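> Build me a model from this:
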Amino acid sequence: MSTSSNVKVSAWIKIGARTKIDYFVSDNGQIELSIGGRDGFDLVTTEEGLQNLLVHLEEALRAARSAITRNDEGSATNDVHCI
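Predicted structure coming up:
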C-alpha cells in the first residue's frame, strides 16, 4: 500500500444529535476519535489535523445555520464547498 497520501480511507458517515463520540489522546499527542460506538467509524489525527478539521467544521456549521435561516425565509439553496 502506498503511504504517499495523507488520506488512507474514504468513507461516508452520518452523525446525528445522539451519535456517540468518544476520544483518546495518546502520550505522543495522537488523537483517536470513535464515532458511533463499537460498530462505528474511527478517525486518527494529529493535533494539527484536528485543528484543520475544527476550522472546516466551524465553517460548515455557519453555512448550515445560514442555509436553515434562508430556508426558513423561503429562499434555500444547496451550497457545496470542497475542503
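> hey, let's count contacts and neighbours off CA atoms from now on
Fine.
> Can you report how many residues lie near Leu33?
By the measure other CA atoms under 10 Å, the count of residues near Leu33 is 17.
> Can you name every helix or strand that the strand or helix carrying it contacts?
Per DSSP states H and E, Leu33 falls inside strand 31-35. For strand 31-35, the packing partners by 3 or more CA pairs under 8 Å, 6 or more residues apart in numbering; DSSP states H and E come out as strand 21-25, strand 41-45.
> CSV please, covering those strands and showing distance to Ser10.
Output for the helices and strands packed on strand 31-35, formatted as CSV (distance: least, CA to CA, whole Å):
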stretch, distance to Ser10
strand 21-25, 19
strand 41-45, 11
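> Quick one, which of the ones you listed gets closest to Ser66.
For Ser66, the closest of the helices and strands packed on strand 31-35 is strand 21-25, at 25.3 Å, according to CA to CA.
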